[in-house]
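Asks: sequence isn't available, so here's the structure alone:
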């Protein structure tokens, strides 16, 4: 499949912590990209009630327990999330987000299977091809590299949108270098646990 024919879904989560086996998703955003364009009108965002909210995590995501009082539990929005993420998942350290999603779906009897692409690995590949050292590969670092200003960081919707913008830049560079197929993209940037070292709260 050509890259321009693929559906990409830029995903970001906020969670109660970093342990996929113990912590829970409390916010999710998904922004689709088709034919290289961010489809903002089809963006999706939801808060999700958690039975084990951790007050100490609020300093990172700013979501209070009160904010979650009248929000749905994961089971109530699982169908919508499944529909909204029907594509190739894109993210910064996407293995983190994908791991949480798979764990949550598994608990309700659904096996989530998606192709994933990590913008960190794309940046590393582009740096290698250009002969330059890889720069700061945190999300803030990559944003700075593309001249994007950091607003509302650690909000799932804002971070998903920043990721989508970065991915647009990366797609342009990838195309310029002669790659135009999804399988080529998966080979250079399929997610890997090694990108976890670039994950920052």
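Replies: On my side now, so go ahead. Note that this is a predicted model, so its numbers are computed, not measured. Numbering: from 1, shown residues only.

Asks: neighbours around residue 83, how many?
Replies: Neighbours of residue 83 under the rule other Cβ atoms under 10 Å: 10. No exception for glycine: its C-beta is placed from N, CA and C like everyone else's.

Asks: against residue 167, how distant is it?
Replies: Separation of residue 83 from residue 167 (Cβ to Cβ, to the nearest Å) stands at 21 Å.

Asks: then residue 124?
Replies: Taken as Cβ to Cβ, the spacing of residue 124 relative to residue 167 amounts to 15 Å.

Asks: the more surrounded of the two?
Replies: Between residue 124 and residue 167, counted using other Cβ under 10 Å, the more crowded position is residue 167 (24 against 18).

Asks: got a list of what residue 146 touches?
Replies: By Cβ atoms under 8 Å, 6 or more residues apart in numbering, the contact set of residue 146 is 165-166, 169.

Asks: can you tell me what sits against stretch 99-111?
Replies: By Cβ under 8 Å, 6+ apart, stretch 99-111 touches 11, 13, 15, 20-21, 23-25, 74-75, 78, 81-82, 85, 112.

Asks: re the thing from before, return the subset of the contacts of residue 146 lying in helices.
Replies: 165-166, 169 (DSSP state H).

Asks: can you redo the residues you listed as TSV with neighbour count and pLDDT?
Replies: Below are those laid out as TSV (neighbours: other Cβ atoms under 10 Å; pLDDT from 0 to 100):
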residue	neighbour count	pLDDT
165	17	97
166	23	97
169	18	95
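
Asks: which of those lies closest to residue 54?
Replies: For these, the residue nearest residue 54 by Cβ to Cβ is residue 166; the value is 29.0 Å.

Asks: residue 90 versus the residue in the chain sticking out farthest from the centre, what's the distance?
Replies: Taking Cα atoms, centre = their mean, the residue of the chain most remote from its mean C-alpha position is residue 131, at 27.1 Å. Using Cβ to Cβ, residue 131 is found at 26 Å from residue 90.

Asks: residue 47 now?
Replies: From residue 47 to residue 90 the distance is 22 Å (Cβ to Cβ).

Asks: and residue 32, by the same measure?
Replies: Residue 32 is 10 Å from residue 90, by Cβ to Cβ.

Asks: just the strands in the protein please.
Replies: Using DSSP state E, the strands of the chain run over residues 7-15, 25-34, 37-38, 44-47, 88-91, 116-118.

Asks: out of the helices and strands in this protein, which is least certain?
Replies: Among the helical and strand segments of the chain, the one scoring lowest on mean pLDDT, DSSP states H and E is helix 58-61, with a mean of 62.

Asks: starting at the chain centroid, how far to stretch 66-77?
Replies: With Cα atoms, centre = their mean, to the nearest Å as the basis, stretch 66-77 stands 21 Å off its chain's centre.

Asks: quick one: buried residues of that stretch?
Replies: Residues of stretch 66-77 classed as buried: 67-68, 71, 74, 77 (neighbour count, 16 or more other Cβ atoms under 10 Å).
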